[in-house]
Each structure stands twice: as structure tokens, then as C-alpha cells.
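In: Sequence and predicted model, in that order:
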Amino acid sequence: MRRRLSELAMLALALAPVAVQAKDKLPPDAFSATMPLPPPPPPANGSIFQGAYVPLTSGGRAGQVGDILTIQLVERTAATKSNAAGTQRDGDIGLSPPTTGPLSFFNPSDIGMGGGQQFKGKGEASQSNALSGEVSVTVAAVYPNGTMLVKGEKFLTLNRGDERVQISGIVRAIDISPDNRILSTRVANATIRYVGKGEIARASRQGWLQRFFSMISPF
């Protein structure tokens, strides 16, 4: 029996890194830049305007696959939650025994009782996040209704590690400013990732064995 338990423990330790790292991973090209498509051959119809031209009213705004625009990160979220509860209940009962008769030998304290119950509970939780900066992305697809799928990333190699900012989502052409900038709050279905690697990031995380025992701990 002990041998079997020892084998199970060794198997759990061997599978711990795999269990901890089993997360949904995005494909490596999920935020890669999209190259512009080759222009279609102009139709031989004798028209002055051939192909997909950009009207003067659009200026230099991004509107085709491969065009570049800049997303201004102005993300700021805050959440606060609190609750409190309290209950209290008291009870008391007492009987006075007769002074004469067969029950006269009871004392008042023998048939008196009381009880009380009290509960108080309180919980609070708060969280806030802020992210600012700029990331240039490319147009990956243009949909029939005029919206565009954009995606891109910024990779920084710093002294003590690497930092990567990735973003993707859907934008409207009307929300793009004349200098090809758009707020991140105007990006629909936005996916924003800010991840880091290096000794600073490793020092701020638990080891894989400690994370494994944290997951299976009943406390």
C-alpha cells in the first residue's frame, strides 16, 4: 500500500508542471502584422478611376488590409464590492413552581432556561487596473459593413527582461482620427495582453511545485 501511495505521489510531482502550464495558448501569429494585399488588375472599361481609390473625404485614414493605425491605450477599470450581515436572537423562559402541593419542592431556578445567538459577517473586495501607452497595429480584414479587424504587438527588450504588449479587436472607420489614431475604448471585442519575461517576472510568480500544492490544498 505504501509503495502504491509513493508511486502516486511521484506521478503527481511529475505531472505537476504539465498541469500548471495547461492553459489556453494563442497561436504564435495571433498578433502578427498583416501585409497589404496586391492590388487587383484594373478593369479595361475606359474609366478615369480604376481599382479601389481613396476619396478626398477620407484623407489618409487607414481603410485597407495592411494599413497602419495607432491605438492609444487608455484602459482604466475599478471595481469595489462590500457586504455585511448580522443576526441576533435571544430567548428566555421561566416557570414559577407552586408553593404548596406535591410540586412545592421545585426551586424557581430548576425550571428556568434561556438562550442567545448572535452572528456578524462582513466582506470587502476591491480591484483597479490602469494601462496607458500607444501601440501601432495593422488592418487584418475589412468587413462589408465598414468595420475593420486590427491586430498588432510591441516587443520591448529591457535591461532585466522582455515586455510585450499585444492587442486585437474591431474598429470603425468613423472613429479613426485624421492622423490614424483611435482610443482603445473604441475597440470592440478588444483583446489586450501585457506580459513580461525575465528575472523580475519570475521573481513575482510562485514556483510550479508551490502552485501545484496551492491548487490541491483544501485550506
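Out: Ah, there it is. Numbering: from 1, shown residues only.

In: pLDDT weak spots in the protein?
Out: Residues of the chain meeting the criterion pLDDT under 70: 1-26, 28-29, 37, 39-59, 93-113, 200-201, 204, 219.

In: just the helices in it please.
Out: 2-21, 199-203, 208-216 (DSSP state H).

In: Give the pairing partners of the longest strand along the chain; include direction for each.
Out: Scanning the chain for the strand with the most residues, using DSSP state E, yields strand 112-142. Strand pairing for strand 112-142, determined by DSSP bridges: strand 68-94 (antiparallel), strand 148-158 (antiparallel).

In: May I have the beta-bridge partners of the nearest residue to Arg181 once chain neighbours are set aside?
Out: Leaving aside its sequence neighbours, Arg181 sits nearest to Thr70 (CB to CB, 6 or more residues apart in numbering; 4.8 Å). C-beta coordinates here come from the backbone N, C-alpha and C atoms, glycine included. Beta-bridge pairing for Thr70 (DSSP bridges): Ser136, Arg181.

In: Make residue 1 into 476 and carry on from there
Out: OK, 476 is where the count begins now, so the last one is Thr545.

In: Thr545 - how many residues pack around it?
Out: 16 (other CB atoms under 10 Å).

In: separation between it and Gly673?
Out: Counting by CB to CB, to the nearest Å, the gap from Thr545 to Gly673 is 27 Å.

In: rewinding a little: the residue nearest to Arg656 against Gly608, yeah?
Out: No: with contact defined as CB atoms under 8 Å, Thr545 does not count as touching Gly608 (10.4 Å).

In: Quick check: buried residues in the longest strand of the chain?
Out: Along strand 587-617, these residues count as buried under the neighbour rule (16 or more other CB atoms under 10 Å): Val610, Ser611, Val612, Thr613, Val614, Ala615, Val617.

In: need the residues you listed in TSV with distance to Glu628, can you?
Out: Conversion of the buried residues of strand 587-617 to TSV gives the following (distance: CB to CB, whole Å):
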residue	distance to Glu628
Val610	7
Ser611	10
Val612	8
Thr613	10
Val614	15
Ala615	12
Val617	20
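
In: buried residues in stretch 617-625?
Out: Val617, Thr622, Met623, Leu624, Val625.
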